[in-house]
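Undergrad: Kindly return the folded structure for what I paste below:
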Amino acid sequence: MRFRASLVLTLLASRLALLAPGAAAQSVIPPLPTTGPYPVACTNIEQDLSRVPEGESASLYWRGVASGDVVRYVDALLVAPGDALGSTFAAPGDSDLFDRWAGQPLRYVYLACYPTTGANQRADYALPGNVVVPRMQRGAEGPILPASPAKLPVLLYSHGYGGSPLDDAYLKALIGFASWGFVTIAPFHGDLRYSVFGPDATSRAVSIPVWDEFVAMQATRPLSMSAGLDQLLARADWRDRVDASRVGAFGISQGGETIALLAGAELTYGLFSLDRKRVTLDSRVRAGVGYIPYFGLDTLPAFGRDQEGARGLTMPFFALSGTDDPIAPQEMVRKAIDRMEGPRGHVLLSGQGHDLDPASTADIVTWSLGFLAAWVNDDASAKTRLVQVERVEGGLDDRKEFYVDPTGGGTTPGEIVATIEYYNASLDHYFITAFAEEAADLDAGGQVQGWTRTGHAFKSWKAGTGPGNDACRFFGAEGRGPNSHFYTISASECEKVKANPDWTFEALAFRTVEPLSAGCTDEHQTVTRLYNNGMGGEANHRYLTDPQEVERMVARGWLIEGPVFCVPR
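TA: Residues are numbered from 1 along each chain as shown. Modelled structure (predicted):
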């Protein structure tokens, strides 16, 4: 059966569709199937296994394992290298980044998997280790592609350190993305040709020569990704069927770092100084997703001191991190994302370690395809959903910890409203509202009396409009909670408070942008949240933009809880 592009988009839309704005369930969506509507085929990777010496395995060549003067790589096994996807290019002459490979030719082989049709009856190709490449091309056979769409989007795919596209989990993910309509191309990075030290290496001993090799391994990876895209756009059997204006990227572990380097991040090359340099910038890549992305460790960040090498990146980037991942800690990922300037987000998978857990597959697929639809396909409705959705049903306990879209893409144009502060002397409590009708009632001493304006206020966007996240508004539960309101735009904090029986969710009150670790940008004012530390027996919070008023409250014994909103000036 032939699946047209419109059908795929309909399937995506139906599974990602949300309830009407304001409905409580709009923040939770059902997962996408892990396999999309297209059957999948792959390019020629036929191998002569008789070339593998006794006592060795083909996997050593797929992964590029080197020992002594012997450098193994998959190209040594190919039956017909000219019929496989491959590229040879010269490394730049920068020895800080490329060590002894600077200026030398580098050889890479690629596996591309792509959507095909039910009429494609080519045989699967079996390799050792129960590896099966579906409907693989043989000899000089060209790809069999669906008639529609005329041009297919491309996904550059980067596996983890020391692996290969033929490793079981990596191959399944490669095939999975292809089944959703992407021409997905993955280099055999052959990391172990360069470095035996990596994030998944058993030995943590580091010497200067080993460090230089590790840097070279990292630096060559994004170059091989760009070279693979060059191959697709140059080959006669591909160039007219792939869309150079719709290119995304997906990377796992070290592959996540590779995507950031492809976007222009500066790589740490100084072991002790943490000096950094840009490796490359491939502006053809419109968006990238990193799953358990390795962005370095606290003592050795991937992008220079305090991840400053990620500052200013504009390529949309989305990360999915495991809360129990010791190799790619979520804090290092968030710090780098906070330095970026394009649309960016971070999802945490509770209990996930540094692996490709089958239980998380549906979550990974749903978040990744949603982000790629938004920024590779420039889908306005997908951009809106990314702002609204907080988690995916089933699978692991996933939550969107952070999402910023500085373009306001897909959202209703921002309607600025005044968020006004009031004070009740008898309660010694403060309160804010962005609802004009509620403010008018308080001013008139209507249903609720005793409240007067303090003179403090800030601008925000009306809920459901403009950039950022909507603020959840809570009031203490009757009979057990505080006689006070609380506001948060943090998705995880909102969910925690909703689950707390001491609080009742009232409404989405207004919208603001979530602060980065470095605070708000110059175009925004910073709103700081303060807590009265339970004085008077009732919890109360203030939300202030005035530093002098903040200092006055601290002198009265209030506690600063930190920046919580970035609001329009």
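Undergrad: Show me where the stretch 351-500 of the chain has its helices.
TA: Taking DSSP state H, counting those that start in this stretch, the helices of the stretch 351-500 of the chain run over residues 361-375, 380-388, 436-444, 491-498.
Undergrad: who does residue 90 bridge with?
TA: residue 105 (DSSP bridges).
Undergrad: I am assuming it contacts residue 107, so please confirm or correct that.
TA: No: counting by C-beta atoms under 8 Å, residue 90 stays clear of residue 107, with 11.0 Å between them. All C-beta spots, glycine's among them, are computed from the backbone N, C-alpha and C.
Undergrad: Neighbour count for those two, which is higher?
TA: Counted by other C-beta atoms under 10 Å, residue 90 and residue 107 do not tie: residue 107 has more neighbours, with 16 against 12.
Undergrad: coming back round to it: distance to residue 77 for the helices of the stretch 351-500 of the chain - can I get that in JSON lines?
TA: Putting those into JSON lines (distance: least, C-beta to C-beta, whole Å) gives the following:
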{"stretch": "helix 361-375", "distance to residue 77": "30"}
{"stretch": "helix 380-388", "distance to residue 77": "41"}
{"stretch": "helix 436-444", "distance to residue 77": "71"}
{"stretch": "helix 491-498", "distance to residue 77": "48"}
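Undergrad: out of those helices, nearest to residue 230?
TA: Closest of the helices of the stretch 351-500 of the chain to residue 230 is helix 361-375, at 20.9 Å (criterion: C-beta to C-beta).
Undergrad: Mind giving me the packing neighbours of the closest one?
TA: Helix 361-375 sits against helix 5-16, helix 168-179, strand 242-252, strand 287-291, strand 317-322, strand 344-350, helix 380-388, strand 391-392, with contacts defined as 3 or more C-beta pairs under 8 Å, 6 or more residues apart in numbering; DSSP states H and E.
Undergrad: How about the contacts made by the residue nearest the centre of the chain?
TA: Geometric centre of the chain, nearest residue: residue 318, 1.7 Å, by C-alpha atoms, centre = their mean. With contact taken as C-beta atoms under 8 Å, 6 or more residues apart in numbering, residue 318 is in contact with 287, 288, 289, 290, 344, 345, 346, 347, 367, 368, 371.
Undergrad: what residue ranges in the chain score low on pLDDT?
TA: Residues of the chain meeting the criterion pLDDT under 70: 1-26, 199-209, 409-412, 492, 517-518.
Undergrad: With adjacent residues omitted, what lies nearest to residue 145?
TA: residue 241 (5.5 Å; C-beta to C-beta, 6 or more residues apart in numbering).
Undergrad: my guess is that neighbour meets residue 151, correct?
TA: Yes: taking contacts as C-beta under 8 Å, residue 241 lies within contact range of residue 151: 6.1 Å.
Undergrad: Do a quick rundown of the helices in the stretch 51-200 of the chain.
TA: Applying DSSP H, counting those that start in this stretch to the stretch 51-200 of the chain gives helices spanning 58-63, 95-98, 168-179.
Undergrad: Save those as CSV, and put in mean neighbour count too.
TA: Output for the helices of the stretch 51-200 of the chain, formatted as CSV (neighbours: other C-beta atoms under 10 Å):
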stretch, mean neighbour count
helix 58-63, 22
helix 95-98, 20
helix 168-179, 21
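Undergrad: would you turn these into JSON lines with distance to residue 48?
TA: Below are the helices of the stretch 51-200 of the chain laid out as JSON lines (distance: least, C-beta to C-beta, whole Å):
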{"stretch": "helix 58-63", "distance to residue 48": "10"}
{"stretch": "helix 95-98", "distance to residue 48": "31"}
{"stretch": "helix 168-179", "distance to residue 48": "20"}
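Undergrad: Tell me which of these lies nearest to residue 559.
TA: helix 168-179 (45.5 Å).
Undergrad: Render the CA-only coordinates of the closest one in PDB, please.
TA: Output of helix 168-179 as PDB, limited to C-alpha atoms (Å, rounded to 0.1, in the frame of the first residue of the first chain):
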ATOM      1  CA  ASP A 168      21.100  -3.700  17.600                       C
ATOM      2  CA  ALA A 169      19.600  -0.600  19.400                       C
ATOM      3  CA  TYR A 170      21.100   1.900  17.000                       C
ATOM      4  CA  LEU A 171      19.900   0.000  14.000                       C
ATOM      5  CA  LYS A 172      16.400  -0.300  15.300                       C
ATOM      6  CA  ALA A 173      16.300   3.500  15.900                       C
ATOM      7  CA  LEU A 174      17.700   4.100  12.500                       C
ATOM      8  CA  ILE A 175      15.000   2.000  10.900                       C
ATOM      9  CA  GLY A 176      12.300   3.500  13.200                       C
ATOM     10  CA  PHE A 177      13.000   7.100  12.000                       C
ATOM     11  CA  ALA A 178      13.000   5.900   8.300                       C
ATOM     12  CA  SER A 179       9.600   4.400   8.900                       C
END
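Undergrad: now the angle between helix 361-375 and that helix, please.
TA: Counting by axes from the mean of the first three to the mean of the last three C-alpha atoms, to 10 degrees, helix 168-179 lies at 40 degrees to helix 361-375.
Undergrad: and helix 168-179, what does it pack onto?
TA: For helix 168-179, the contact count by 3+ C-beta pairs under 8 Å, 6+ apart identifies strand 40-42, strand 105-115, strand 131-133, strand 152-158, strand 183-187, strand 242-252, helix 361-375 as packing neighbours.
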